[in-house]
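Novice: Sequence and predicted structure, then a few things I'm wondering about:
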2 protein chains.
Amino acid sequence: VIRRLAVIGVGLLGGSVAKGARAAGLARQIVGVGRDLDRLRPAVDDGTLDDITTALDAGVRDADFVVLAAPVVTNERLLETVWRGAADEAVVTDVGSTKASLARVAARLSESRPLAFVGSHPMAGSDRSGYAVARADLLQGATVVVTPTDATDPRAVKTVTAFWDALGARVATLDPDTHDRVVAAISHLPHLVAFALVDAVRAHEPAAFDFAARGFKDTTRIAASDPTVWQEIFLANRDALAASLAAFSRSIDALVAGIAAGDAATLEAALARIKRAREALR
Amino acid sequence: VIRRLAVIGVGLLGGSVAKGARAAGLARQIVGVGRDLDRLRPAVDDGTLDDITTALDAGVRDADFVVLAAPVVTNERLLETVWRGAADEAVVTDVGSTKASLARVAARLSESRPLAFVGSHPMAGSDRSGYAVARADLLQGATVVVTPTDATDPRAVKTVTAFWDALGARVATLDPDTHDRVVAAISHLPHLVAFALVDAVRAHEPAAFDFAARGFKDTTRIAASDPTVWQEIFLANRDALAASLAAFSRSIDALVAGIAAGDAATLEAALARIKRAREALR
């Protein structure tokens, strides 16, 4: 059992981790770290957190398990403070949607001090954000990708995997670069595209919003996602995102070429192939 | 009340129109026209259709209300037969997702014979297709866009509007070109983009499908839509689709430029503006 769990950033994901850990009795004490005490208080009032602070170094000082749950670029900065302040036996992870750049920060920090760190990515985001929508069962059945490198302390992988297991998640393992390439294709690019679909209507055909049916709403639901979180994800994963975008452009260009050529048979065969790929996902 | 309703193409939409008309007692007789009697029989067995035929001219001969519900390019071809075979007093509409090219066919046909035709677009599609998923209440609360031109017989507009009203739809009116521009932005482009998102993963990062979460699934649900239906929509509306795609490209290029420049503040402001536009839709 964890003696003192520190959750840094108590929004949808951090809050859900804290609630889930509380519900499952995974930690004797849970401390929440945030920028604003007033926004942390609801999590004390409902019994999720035992302790709250805006001082990151104080928050992690006695923690044996630390979860960074701020936006991804912010996590990179906070990891330095965590690395300096954490106890020798502490295990540190995060819940960010990009992994390679944080792994590079960790590799650099471990040159001056060894610490048990491994990145995690619980694939349980939402277009909603904030502690108010956090749920103890958010990770139940979700996939969490844990991203060790060759230099990762095996104790970190074991402890962090057991933690996500205990919250009901399925744990998969990928190296940070592979993870970032995979999520660029399956998550970051779809978000970028959804943002652009809404923006195109907003800028060029706003009256069309009146005719939005379920197709548009489902396709662009994630365009209501948190702007800070997604700005940081796009910036942190820009290289893999650019590669995914290039693949997407090739796919859309091929479809558009079929449309422009009026080539019904080829176009229909392409759409049928895509339909089969999509249906295999259900 | 309609004496004899002919529904041409008894799939999701045609079948739902027939079921809805039957349930609401809008027609004394309903005849279904299709290419394959075996596929029409379930609609006779369940009491939706009184009569079925593969002969379009026979199907429409005694009908006073005709609904074309085949894929859009097919509808253009079938409209010629309908126009020749329909009774003088018949009112003709369709349920296709594009309206300008069918309106041009109707304008040409009306030079040799006046007939009460106006296009309709019930915005109640689905990624599922076929009579098996047709429902009497599919149009309940849906928007149906009716698309008269300057040359349209007012009786067609009145009769067709009353028909959709009786099925519980909200009727909006747009001219065919405006309709096609609006649906290119709010429906056809999102479909093209969803198809391309799935195709890009299929072709370049298939292992990423294992990590598809709700965001990807919602964004690409419509990529499982019927290939014949969508091939015909893309071809029939290629000009408006190209304009929408250009607007989308400008939006995605602007976001990508912000990402490439590492301009967090501008990027975040753009995402926040888009989030507000998307949230206004809920």
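Specialist: Okay, I see it. Numbering: from 1, shown residues only, chains lettered A, B, ... in the order given.
Novice: give me the residue from the stretch 1-150 of chain A nearest chain B.
Specialist: Residue nearest to chain B within the stretch 1-150 of chain A: A:Met123 (4.4 Å; Cβ to the nearest Cβ). All C-beta spots, glycine's among them, are computed from the backbone N, C-alpha and C.
Novice: What score does that residue have for pLDDT?
Specialist: At A:Met123, the predicted lDDT confidence score is 94.
Novice: swap in A:Ser129?
Specialist: Reading off the model, A:Ser129 has pLDDT 88.
Novice: Is the most centrally placed residue in chain A in a helix, a strand, or coil?
Specialist: Ranked by distance to the mean C-alpha position of chain A (Cα atoms, centre = their mean), the top residue is A:Ser97 at 3.1 Å. Following DSSP: H, G, I helix; E, B strand; the rest coil, A:Ser97 is assigned to coil.
Novice: burial count for the residue nearest to it when sequence neighbours are not counted?
Specialist: If the residues on either side of it in the chain are set aside, A:Ser97 comes closest to A:Ile233, at 4.9 Å by Cβ to Cβ, 6 or more residues apart in numbering or on different chains. A:Ile233 has 27 neighbours, counted by other Cβ atoms under 10 Å in any protein chain shown.
Novice: so A:Ile233 is in which element?
Specialist: Per DSSP states H and E, A:Ile233 falls inside helix A:227-236.
Novice: same question, A:Arg28
Specialist: Using DSSP H and E, A:Arg28 falls within strand A:27-33.
Novice: Would you map the strands across the stretch 101-250 of chain A?
Specialist: Counting by DSSP state E, counting those that start in this stretch, the stretch 101-250 of chain A has strands at residues A:116-117, A:119-122, A:143-147, A:170-173.
Novice: So what's the residue count around A:His121?
Specialist: Neighbour number of A:His121 under other Cβ under 10 Å is 29.
Novice: So what pairs up with the residue nearest to it when sequence neighbours are not counted in the strands?
Specialist: Nearest non-adjacent residue to A:His121, counting by Cβ to Cβ, 6+ apart: A:Val145, 4.5 Å away. On the basis of DSSP bridges, A:Val145 is bridged to A:His121, A:Ala172.
Novice: A:Val145: neighbour count?
Specialist: 24.
Novice: go on, the one 10 residues further on?
Specialist: A total of 12 residues lie near A:Arg155 under the criterion other Cβ under 10 Å.
Novice: same check, this time on the one 3 residues further on
Specialist: Per other Cβ under 10 Å, the neighbour tally for A:Lys158 reads 13.
Novice: ok, back up a step: buried ones in the very next helix or strand once past the strand holding A:Arg28?
Specialist: With elements assigned by DSSP H and E, the helix or strand that comes after strand A:27-33 is helix A:37-45. Of the residues in helix A:37-45, A:39-40, A:42-43 count as buried by neighbour count, 16 or more other Cβ atoms under 10 Å in any protein chain shown.
Novice: And the contacts of helix A:37-45?
Specialist: Helix A:37-45 has contacts (Cβ atoms under 8 Å, 6 or more residues apart in numbering or on different chains) with A:10, A:15, A:18, A:32, A:34, A:49-54, A:131-132.
Novice: Now the buried members of the residues you listed.
Specialist: A:10, A:15, A:18, A:32, A:34, A:49-53, A:131.
Novice: Distance to chain B added to the residues you listed, as a markdown table?
Specialist: Formatted as a markdown table, those follow (distance: Cβ to the nearest Cβ, whole Å):
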| residue | distance to chain B |
| --- | --- |
| A:Val10 | 21 |
| A:Gly15 | 18 |
| A:Ala18 | 21 |
| A:Gly32 | 24 |
| A:Gly34 | 19 |
| A:Leu49 | 27 |
| A:Asp50 | 31 |
| A:Asp51 | 31 |
| A:Ile52 | 26 |
| A:Thr53 | 26 |
| A:Tyr131 | 19 |
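Novice: Return the subset of those residues lying in strands.
Specialist: A:32, A:51-53 (DSSP state E).
Novice: before we move on, back to that, quick one: contacts for the residue of the stretch 1-150 of chain A closest to chain B?
Specialist: A:142-145, A:183, A:187, B:211, B:213.
Novice: Dump those residues into TSV; add pLDDT as well.
Specialist: Listed next are those as TSV, based on pLDDT from 0 to 100:
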residue	pLDDT
A:Ala142	95
A:Thr143	96
A:Val144	98
A:Val145	98
A:Val183	97
A:Ser187	96
B:Phe211	95
B:Ala213	91
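Novice: Specify which member of the residues you listed is nearest to B:Arg22.
Specialist: B:Ala213 (41.0 Å; Cβ to Cβ).
Novice: all helices for the stretch 1-150 of chain A, in order.
Specialist: Secondary structure of the stretch 1-150 of chain A (DSSP state H, counting those that start in this stretch): helices located at A:12-24, A:37-45, A:56-61, A:72-85, A:100-109.
Novice: Which stretch among the ones you listed is buried most, on average?
Specialist: helix A:12-24 (a mean of 23; mean count of other Cβ atoms under 10 Å in any protein chain shown).
Novice: So which elements touch the lengthiest helix in chain A?
Specialist: Counting by DSSP state H, the longest helix found in chain A is helix A:238-261. Helices and strands touching helix A:238-261, by 3 or more Cβ pairs under 8 Å, 6 or more residues apart in numbering or on different chains; DSSP states H and E, are helix A:176-183, helix A:189-204, helix A:264-279, helix B:189-204, helix B:227-236, helix B:238-260.
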